[in-house]
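Student: Got a sequence here, can you model it:
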Amino acid sequence: MAALTLSGKRVLLGVSAGIAAYKSALITRQLKQAGCEVRVVMTHGAQAFITPMTLQALSGEPVRTSLLDTDAEAGMGHIELARWADVILIAPATADLIARLVHGFADDLLTTLCLASNAPKLIAPAMNQAMWRHPATQRNVATLNADDWQLIGPDAGDQACGDNGPGRMSEPDDIVAALFARLAPPAGAATGKHIVITAGPTREALDPVRYLTKHVLSNKSSGKMGYALAAAALEQGARVTLISGPVALSTPFGAEAVAVESAAEMHAAALRLAPDADVFIGCAAVSDYRAAETAAHKLKKTDNDDTLTLTLIKNPDIISEVAALETAQRPPVVVGFAAETRDVERYAAGKLARKALDMIVANDVSTAGLGFGSDDNAAWLLWRTPSGNTSEHQPPQPKTRLARTVIQRALALLPAPTPTHTKESS
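Tutor: Numbering: from 1, shown residues only. This is a model prediction of the structure:
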């Protein structure tokens, strides 16, 4: 799937009655993964097929179900909601709802919002094939088109009623892709570029049920920074591959995910993908060591053993090996990360030179509320230029904002395209 991001877009999702309403949960989830703010409005009939609680959990926002909601309407809530939306998407849309929209009804919250909003409107019909083919429905659909509603689908195929034909709601992937196409930003600086990012921790097995992680060395990596970098790269139009250790995060919508556990698996994936990358960012908290031997069976604890002796061996230095790659094409711009507790800029400069990186992002992990596990970060950015190193301090800020800056600085290090010369005719 193409890289999709709708970061910051405010989507009002309308859900009407029909068995396809269950797909609205998948749409909500994908929109959130794409960076949207999502608020859901359900018709009375939709609640017979999927609960407001489900869509509230997925959207992170209260679900509105009634126009006559005393609390919400104390401040003319339906008008506020209509103004809030950057786009209105109705999926599924029944034949009845389509008819009411065509005739300008405002007898429930969803139809009222549609009349009160100037935002772009998309609709994904879902109904029995005979209802879809009926002349009345086709007249109504033609009117919606004339009123600048964008129809998505419907698809043809087997239906819940046992019929086969047109009328099935389009799949969530296709609906979200259509929404992206309607709202797509202009091509970003990374359009046509491939960015590979490592994120999260790695786990090193001791036996079939136990493992070591970087956490043993007090590195509490959550993966948030790496995932924010992936989302920022997608915003710029890049094709993104995210090599991730085990984290409790959803892959940014549109990124290709490569799941790994150990440093060896991450090392293999990085060396396989880096030659095709324009930019490689090593943001993962890779375990420095692994057990020399992995036990075939669970290690047993006995009452006489107060200690356990392990022999550890060093894991490969992934970022250094990527920086040293010699490829048929030009090597990627390589960006590393460093977690420091003092002299951050000085240590970062040393690592930049020692590992032959193009750029490094170094943060002071001794500061409470920044870095590991938090939503905010502060960092020194250092990069190499023909005249020497350049450094820039980024103050405390959300990781999403810092990620955008890192991506912009990394893209600026890409060589300028070679001009194409044409031979003048004589």
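
Student: Flag every buried residue along the helix ranked longest in the chain.
Tutor: Ordering each helix of the chain by length in residues (DSSP state H) puts helix 399-412 first. Within helix 399-412, the residues scored as buried using 16 or more other Cβ atoms under 10 Å are 399-400, 402-407, 409-411. In this view, the C-beta of every residue, glycine as well, is placed from N, C-alpha and C.

Student: just stretch 175-194 next, same as before
Tutor: So for stretch 175-194, counting by 16+ other Cβ under 10 Å, buried means 175-180, 188, 190, 193-194.

Student: Flag the least confident of those.
Tutor: Of all the buried residues of stretch 175-194, Gly188 has the smallest pLDDT value, namely 71.

Student: That residue: what's it in contact with?
Tutor: 235-238 (Cβ atoms under 8 Å, 6 or more residues apart in numbering).

Student: distance of it from Phe180?
Tutor: To Phe180, Gly188 is 13 Å away according to Cβ to Cβ, to the nearest Å.

Student: Next: Asn389.
Tutor: From Asn389 to Phe180 the distance is 39 Å (Cβ to Cβ).

Student: Could you list the domains of the chain?
Tutor: 10-183, 194-298+306-412 (automatic domain parsing).

Student: quick one, helices of this structure?
Tutor: Using DSSP H, helices in the chain cover 23-33, 52-59, 77-84, 95-102, 109-116, 129-133, 135-146, 172-183, 224-235, 263-273, 318-323, 344-354, 399-412.

Student: residue nearest the centroid of this structure?
Tutor: The residue lying closest to the centre of the chain (Cα atoms, centre = their mean) is Pro252, at 1.4 Å.

Student: Quick one, grab the pLDDT at it.
Tutor: 79.

Student: and the longest helix of the chain, what other elements does it pack with?
Tutor: Under the contact definition 3 or more Cβ pairs under 8 Å, 6 or more residues apart in numbering; DSSP states H and E, helix 399-412 sits against helix 224-235, strand 279-282, strand 333-340, strand 359-364, strand 376-385, strand 388-398.

Student: Can you give me the neighbour number for the nearest residue to the residue nearest to the centre of the chain once chain neighbours are set aside?
Tutor: Spatially, and ignoring its direct neighbours in sequence, Pro252 is nearest to Ala231 (4.3 Å; Cβ to Cβ, 6 or more residues apart in numbering). When neighbours are counted by other Cβ atoms under 10 Å, Ala231 registers 26.

Student: Hmm, Ala231 is touching Lys32, no?
Tutor: No: taking contacts as Cβ atoms under 8 Å, Ala231 lies outside contact range of Lys32: 11.7 Å.

Student: looking at the domains of the chain, which one has the lowest mean pLDDT?
Tutor: domain 194-298+306-412 (a mean of 83).

Student: How about Ser366: what's its closest non-neighbour residue?
Tutor: Thr341 (4.2 Å).

Student: which residues does that neighbour contact?
Tutor: 364-366.

Student: Return the members of those classed as buried.
Tutor: Counted by 16+ other Cβ under 10 Å, the contacts of Thr341 give 364-365 as buried.

Student: Could you single out the nearest of the contacts of Thr341 to Thr311?
Tutor: Set against Thr311, the nearest of these by Cβ to Cβ is Val365 (28.4 Å).

Student: ok, back up a step: please identify which of the buried residues of stretch 175-194 is nearest to Thr143.
Tutor: When the buried residues of stretch 175-194 are compared against Thr143 (criterion: Cβ to Cβ), the nearest one is Ala178, at 19.9 Å.

Student: what's the most distant pair in the buried residues of helix 399-412?
Tutor: Lys399 and Leu411 (18.4 Å).
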